[in-house]
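Undergrad: What would the 3D arrangement of this be:
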Amino acid sequence: MSLLIAGSIATDHLMNFGGKFADSLVVEQLDKLSVSFLVDDLEIRRGGCAGNIAFGLSRLGVQPVLVGAAGEDFADYRSWLERHGVDCDSVRISEDLHTARFVCTTDATMAQFASFYPGAMSEARLIELGPIARRVGEPTYVLVGPDDPQAMVRHTQECRQRGYAFIADPSQQLAFGEGEMIRELIDGAAYLFSNEYEAHLIESKTGWSGEEILSRVGTQVITLGPAGVRIVGNGQDPIETGAVPGVKAVEPTGVGDGFRSGFLAALEWRLPHERAAQVGCVLAAYVVEQVGTQEYSFTHEEFILRLVEAYGEDAAADVRPHLS
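TA: This is a model prediction of the structure:
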């Protein structure tokens with residue numbers, strides 16, 4: 001059995017603006033918007049949702065299979081991931097296009113302006129999951145994360161056809177996708193991931209109520225930022241888990257990916273949803289405390305200690321055997 005993580009692979013260009021974007025915006029003139037911000041620094045980091053999630057899983061001892069497309073400039077990034085235990089043999093390398101680029105500026109309130117150049121990611125639509133599964137074994141789950149839209153639809157349809165359990169995580173593509181595509185991406189998912197705003201956007205674009213969405217997916221996992229996470233499902237009592245206390249947020253990029261890594265690791269360990277949410281929140285705390293989505297580090301002992309401090313010894317007792 002294996003865990004396939006399909007989605008974007010990118011290089012992040014992260015900048016910080018010391019003021020507030022809101023101070024430079026005139027609401028009545030947004031249709032004529034033309035502003036420039038003098039940033040304090042520039043960090044170039046490894047990123048992309050699939051890359052980030054795969055890296056986070058590897059930090060917890062899970063060896064995921066990365067599924068996506070990158071350019072020939074992926075060599076250093078690939079070496080980094082493989083040194084940390086990520087299977088990159090199913091990454092398609094474009095002969096013509098650069099690896100995708102994410103360019104993001106964050107202000108003092110953690111508001112962000114961002115742009116994304118897809119580059120080689122557009123070739124992800126050419127990837128078939130069947131040969132990957134024959135190489136590594138039938139997947140426990142296929143996470144279909146934000147990627148080339150045609151690739152996302154293809155992967156989702158193939159999961160249904162082949163009977164692979166899949167996790168819908170459309171996130172950034174929700175802003176651009178039409179209702180028909182979003183319905184295609186989430187219908188039949190074992191899990192649906194989103195933040196709170198995206199959960200409302202899914203309802204608005206699909207035309208489905210919250211109850212109808214739950215009738216079509218196994219479990220919906222909604223991240224709530226500093227408030228933690230809410231997990232809902234048909235016939236299940238809602239679960240709400242608070243975020244890790246005492247976190248000093250430095251850079252929010254990749255925090256959601258970190259949460260997903262922890263949650264998925266706990267699913268691989270067959271832990272209940274409450275524990276999965278707690279593991280996800282602890283890993284997310286490590287991400288937000290650093291600049292860059294893969295710059296955090298910890299020993300397994302340090303991770304368990306933080307889990308104890310945030311959620312108690314019972315939580316740690318359930319997770320500790322999987323991190324020994």
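Undergrad: For the longest helix seen in the chain, the averaged confidence score.
TA: In the chain, with assignment by DSSP state H, the single longest helix is helix 273-288. Computed over helix 273-288, the mean pLDDT rounds to 97.
Undergrad: Take it, keep the C-alpha atoms, and write them as PDB.
TA: What follows is helix 273-288, C-alpha atoms only, in PDB (Å, rounded to 0.1, in the frame of the first residue of the first chain):
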ATOM      1  CA  HIS A 273      -9.800  11.900  13.400                       C
ATOM      2  CA  GLU A 274      -9.300  13.800  16.600                       C
ATOM      3  CA  ARG A 275      -5.700  12.500  16.800                       C
ATOM      4  CA  ALA A 276      -5.200  13.200  13.100                       C
ATOM      5  CA  ALA A 277      -6.300  16.800  13.600                       C
ATOM      6  CA  GLN A 278      -3.900  17.200  16.500                       C
ATOM      7  CA  VAL A 279      -0.900  15.800  14.700                       C
ATOM      8  CA  GLY A 280      -1.800  18.100  11.800                       C
ATOM      9  CA  CYS A 281      -2.000  21.200  14.000                       C
ATOM     10  CA  VAL A 282       1.400  20.400  15.600                       C
ATOM     11  CA  LEU A 283       3.100  20.100  12.200                       C
ATOM     12  CA  ALA A 284       1.400  23.200  11.000                       C
ATOM     13  CA  ALA A 285       2.800  25.100  14.000                       C
ATOM     14  CA  TYR A 286       6.300  24.100  13.000                       C
ATOM     15  CA  VAL A 287       5.700  25.400   9.400                       C
ATOM     16  CA  VAL A 288       4.300  28.800  10.400                       C
END
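Undergrad: Pull the distance from it to the chain's centre.
TA: From the chain centre to the centre of helix 273-288 is a distance of 13 Å (CA atoms, centre = their mean, to the nearest Å).
Undergrad: And stretch 224-244, by the same measure?
TA: So, by CA atoms, centre = their mean, the centroid of stretch 224-244 is 17 Å from its chain's centroid.
Undergrad: tell me which residues of that stretch are tucked away?
TA: By neighbour count with 16 or more other CB atoms under 10 Å, stretch 224-244 contains the buried residues 225, 228-233, 239, 241, 243-244. C-beta coordinates here come from the backbone N, C-alpha and C atoms, glycine included.
Undergrad: Now do the strands in the stretch 51-200 of the chain.
TA: 65-70, 91-93, 100-106, 112-117, 139-144, 166-168, 191-195 (DSSP state E, counting those that start in this stretch).
Undergrad: Nearest to residue 134, out of the buried residues of stretch 224-244: which one, please.
TA: Nearest to residue 134, judged by CB to CB, of the buried residues of stretch 224-244 is residue 233 at 31.8 Å.
Undergrad: Check the strands of the stretch 51-200 of the chain for me: which has the lowest mean pLDDT.
TA: Looking at these, the bottom one is strand 112-117 with a mean of 87.
Undergrad: so what's residue 160 up against?
TA: The contact partners of residue 160, by CB atoms under 8 Å, 6 or more residues apart in numbering, come to 166, 188.
Undergrad: For residue 147, see how far away it is.
TA: 17 Å (CB to CB, to the nearest Å).
Undergrad: Please name the residues that touch residue 67.
TA: Contacts of residue 67 (CB under 8 Å, 6+ apart): 4-7, 50, 90-91, 124, 127, 129, 132, 142, 155.
Undergrad: switch the cut-off to 6 Å
TA: By CB atoms under 6 Å, 6 or more residues apart in numbering, the contact list for residue 67 reads 4, 6, 90.
Undergrad: next one: residue 247
TA: So residue 247 contacts residue 285 (CB under 6 Å, 6+ apart).
Undergrad: centroid residue for the chain?
TA: Centroid-nearest residue in the chain, with CA atoms, centre = their mean: residue 257, separated by 3.0 Å.
Undergrad: What are the phi and psi values at that residue?
TA: Residue 257 adopts backbone torsions of phi -60, psi -40, taken as degrees, to the nearest 10.
Undergrad: again, but for residue 225
TA: Torsion angles, degrees, to the nearest 10, at residue 225: phi 60, psi -140.
Undergrad: Just want to check the distance between it and residue 241.
TA: For residue 225, the distance to residue 241 - CB to CB - is 13 Å.
Undergrad: now swap in residue 124 and tell me
TA: According to CB to CB, residue 124 stands 32 Å off from residue 241.
Undergrad: what do you get for residue 220?
TA: Residue 220 is 14 Å from residue 241, by CB to CB.
Undergrad: when you check the contacts of residue 67 against the helices, which ones overlap?
TA: Assigned to helices by DSSP H, none of the contacts of residue 67 qualify.
Undergrad: Could you dump these into JSON lines and include distance to residue 274 and neighbour count?
TA: Listed next are these as JSON lines, based on distance: CB to CB, whole Å; neighbours: other CB atoms under 10 Å:
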{"residue": "4", "distance to residue 274": "25", "neighbour count": "28"}
{"residue": "6", "distance to residue 274": "27", "neighbour count": "31"}
{"residue": "90", "distance to residue 274": "32", "neighbour count": "19"}
